[in-house]
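1. sequence? don't have it. structure:
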C-alpha cells in the first residue's frame, strides 16, 4: 500500500497531532517497561527538531469513558520526558479548554502529552464530534501507533480523515517490514505458528496456508493437529472439537502447495512445573499418562534445515511452554537458528505477538531478527489478512 511518511511533511511551525501508544505497564505509579516509549523517540525527536509543536495522543488501559485518576497519562508523560531527555508538557484533557490552553502555550519544538483519550466514551465509538475536537488542536495528523491500528477509534481512524495524515517512523518501519514479510516477500516463505489453542488462530492459519510455502505448527495447537491425524497425545492439552477444522486446514494447505510441518518427536512430562522430569519420545509413542510440553530435538533440526532453504520467515507463537524450563529448549534453539540465518543475510525474519517477543528475548536474539513487532493484536490481525482501520486511513 502507498502511504505518506514524514518525508512528505514540512513540519516547521505546524501543530502535529501524534497518535502514539503510551499504553505501557505500570507498577506502583511507575512505568514498568520503557520499550514503547523508546520506540517513539525517532518520530518525536525528528518532528521537534524540525520545529513542529508535537501534541501526543494516546489511550491508556480501559477506563470505559470515565475519568479514572489511576489511569491518567500524567506519569507516563513524565517518563516520556526522561526517555527523550527533554521537558514534556501535560494537559488534563485531550479536547476542550484545558487542551486548547496547553497547545496555545507551546513553542516550536515543544512536546505535549494530552490526557487519556479513553476518558471520553466517544473514543472507542469512533465518534466524529470527539475527533473534530481533537482535530481542532492540530494542523496535521501523524500515526505512530500500529499497535492500535486494528481499532477504528476516534484518535486512530476518524481523526485521520479530518487532517492531512502521515505515518510516523515506527508505523512506517512496521508497515514496510510486514510488506516484505507477506505482501511482496522473497520466496520461499516459512511461517512458525505456536500457542495453546487452534481456536484463537483459525483466521491466521487459514490465511497463511495460501501465502507461505512452509507452515510449522508448534505449541499445544500442534497436539490438536496430531490428534486429528489419529495420533494419541496422552494427557496433552488439545481441542477435540476442532479435529475436523484441523483436517480442513491441512486439506487447504495441500491444495495451495503449502507444507505443514508438525512435530515428529516430543518432550513429555507427567507434571507441568519447572524442571519436572521429562523425556523425549516419538509423537507416536506419547505415554497415556504424560503430556507434550515442547517439540523434540529432531523436529527442531528438521525445521532449521528447511528454514535454511527459505528466504522469509514470519513467526507468531512459541514452540513449547518456554516460560518453564526445560520446555523452552525447542523455542530457544529455533530462535537462535533463525537469528543466525538472519544475521548472515540469508533470511528476512519478522516476528510478533506478546509471547513471541518474550520468547525471543528469553533466547537473547530479539535484536537479531529483521523486525520484531510489539503490536500484539494489530500484528495478529494483519497476519490474518484483515484490513486495519488505522492503516487504511493513511493510504495516500
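-> Cool, got the structure. Small disclaimer: the values here were computed from a predicted structure and weren't measured.
2. Tell me which residues are up against stretch 299-309.
-> Stretch 299-309 has contacts (CB atoms under 8 Å, 6 or more residues apart in numbering) with 188, 190, 192, 214, 216, 261, 263-266, 313, 319, 330, 333-334, 337-338, 341, 346-347. All C-beta atoms are positioned from the backbone trio N, CA, C, and that covers glycine.
3. how near is the nearest residue in space to residue 284 that is not next to it in sequence to residue 330?
-> Closest residue to residue 284 apart from its sequence neighbours, by CB to CB, 6 or more residues apart in numbering: residue 231 at 6.0 Å. Counting by CB to CB, to the nearest Å, the separation of residue 231 from residue 330 is 18 Å.
4. Can you pull the poorly scored residue ranges out of this structure?
-> For the chain, applying pLDDT under 70 flags the ranges 1, 396.
5. quick one: the helices in it?
-> Using DSSP state H, the helices of the chain run over residues 35-49, 74-84, 96-104, 128-135, 169-178, 202-208, 219-228, 243-256, 297-307, 329-343, 354-363, 377-383, 389-392.
6. Can you tell me which of those helices is most buried?
-> helix 219-228 (a mean of 25; mean count of other CB atoms under 10 Å).
7. and the angle from that helix to helix 243-256?
-> Between helix 219-228 and helix 243-256, the angle comes out at 90 degrees (axes from the mean of the first three to the mean of the last three CA atoms, to 10 degrees).
8. Distance from helix 219-228 to the middle of the chain?
-> Mean C-alpha position of helix 219-228 versus that of the full chain (CA atoms, centre = their mean, to the nearest Å) differs by 24 Å.
9. Contacts for that helix next, please.
-> Contacts of helix 219-228 (CB under 8 Å, 6+ apart): 193-198, 201, 217, 233, 236-240, 242-244, 246-247, 249-250, 260, 262-263, 283, 292, 295, 317-320.
10. In strands only, show me those residues.
-> Among the contacts of helix 219-228, the ones falling in strands (DSSP state E) are 193, 217, 260, 292, 295.
11. my guess is the second one meets residue 191, correct?
-> Just to be clear, that refers to residue 217. No: counting by CB atoms under 8 Å, residue 217 does not reach residue 191; the two are 9.1 Å apart.
12. what's the spacing between the nearest residue in space to residue 265 that is not next to it in sequence and residue 319?
-> Nearest residue to residue 265, sequence neighbours excluded (CB to CB, 6+ apart): residue 296, at 3.0 Å. Residue 296 sits 10 Å away from residue 319, going by CB to CB.
13. hey, what's in contact with both of the two?
-> Common contacts of residue 296 and residue 319 (CB under 8 Å, 6+ apart): residue 330.
14. more crowded one of those two?
-> Neighbours per residue, other CB atoms under 10 Å: of residue 296 and residue 319, the larger number sits with residue 319, 31 against 23.
15. wait, that one sits on residue 294?
-> Yes: the pair residue 319 and residue 294 passes the contact test of CB under 8 Å, sitting 6.7 Å apart.
16. Quickly list what's touching both of those two.
-> By CB under 8 Å, 6+ apart, the residues touching both residue 319 and residue 294 are 330-331.
17. Filter the contacts of helix 219-228 down to the buried ones.
-> Buried subset of the contacts of helix 219-228 (neighbour count, 16 or more other CB atoms under 10 Å): 193-196, 198, 201, 217, 233, 236-239, 242-243, 246, 249-250, 260, 262-263, 283, 292, 295, 317-320.
18. how close does residue 2 get to residue 9?
-> Separation of residue 2 from residue 9 (CB to CB): 15 Å.
19. so how far is residue 375 from residue 185?
-> Counting by CB to CB, the gap from residue 185 to residue 375 is 19 Å.
20. should've said residue 16
-> Taking CB to CB, one finds residue 16 at 22 Å from residue 375.
21. Equivalent analysis for residue 192, please.
-> In terms of CB to CB, residue 192 sits 18 Å off from residue 375.
22. go on, residue 213?
-> For residue 213, the distance to residue 375 - CB to CB - is 25 Å.
23. Which one's more surrounded, those two?
-> residue 375 (25 against 18).
24. first vs last residue of stretch 359-374, how far apart are they?
-> 12 Å (CA to CA, to the nearest Å).
25. let's have the chain start at 355 instead
-> Yes, from this point I'll number from 355; that puts the last item at stretch 713-728.
26. chain center to that stretch, what's the gap?
-> Stretch 713-728 sits 12 Å away from the centroid of its parent chain (CA atoms, centre = their mean).
27. ok, residues contacting stretch 619-637?
-> With contacts defined as CB under 8 Å, 6+ apart, stretch 619-637 is touched by 580, 585, 587-588, 590, 616-618, 640-641, 643-653, 674-675, 678-681, 683-684.
28. list the contacts for the spatially closest residue to residue 444 that is not a sequence neighbour?
-> What sits nearest to residue 444 in space, not counting adjacent residues and going by CB to CB, 6+ apart, is residue 431, at 4.3 Å. With contact taken as CB under 8 Å, 6+ apart, residue 431 is in contact with 410, 442-444, 467.
29. thinking again about what came up before, list the contacts for the residue nearest to residue 638?
-> Contacts of residue 585 (CB under 8 Å, 6+ apart): 637-638, 640.
30. Format the residues you listed as TSV; extra columns: distance to residue 562.
-> Below are these laid out as TSV (distance: CB to CB, whole Å):
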residue	distance to residue 562
637	22
638	26
640	26
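31. Closest one of those to residue 718?
-> Nearest to residue 718 out of the contacts of residue 585 is residue 637 (CB to CB; 28.6 Å).
32. For residue 528, see how far away that closest one is.
-> Using CB to CB, residue 637 is found at 36 Å from residue 528.
33. In space, what's closest to residue 532 - neighbours in sequence excluded?
-> Beyond its immediate neighbours in the sequence, the residue positioned closest to residue 532 (CB to CB, 6+ apart) is residue 736, lying 5.8 Å away.
34. and the one you found, what is it in contact with?
-> Taking CB under 8 Å, 6+ apart, we find residue 736 in contact with 504, 532, 742.
35. out of those residues, who's nearest residue 452?
-> Taking the contacts of residue 736 together and measuring to residue 452 by CB to CB, the closest member is residue 504, at 29.5 Å.
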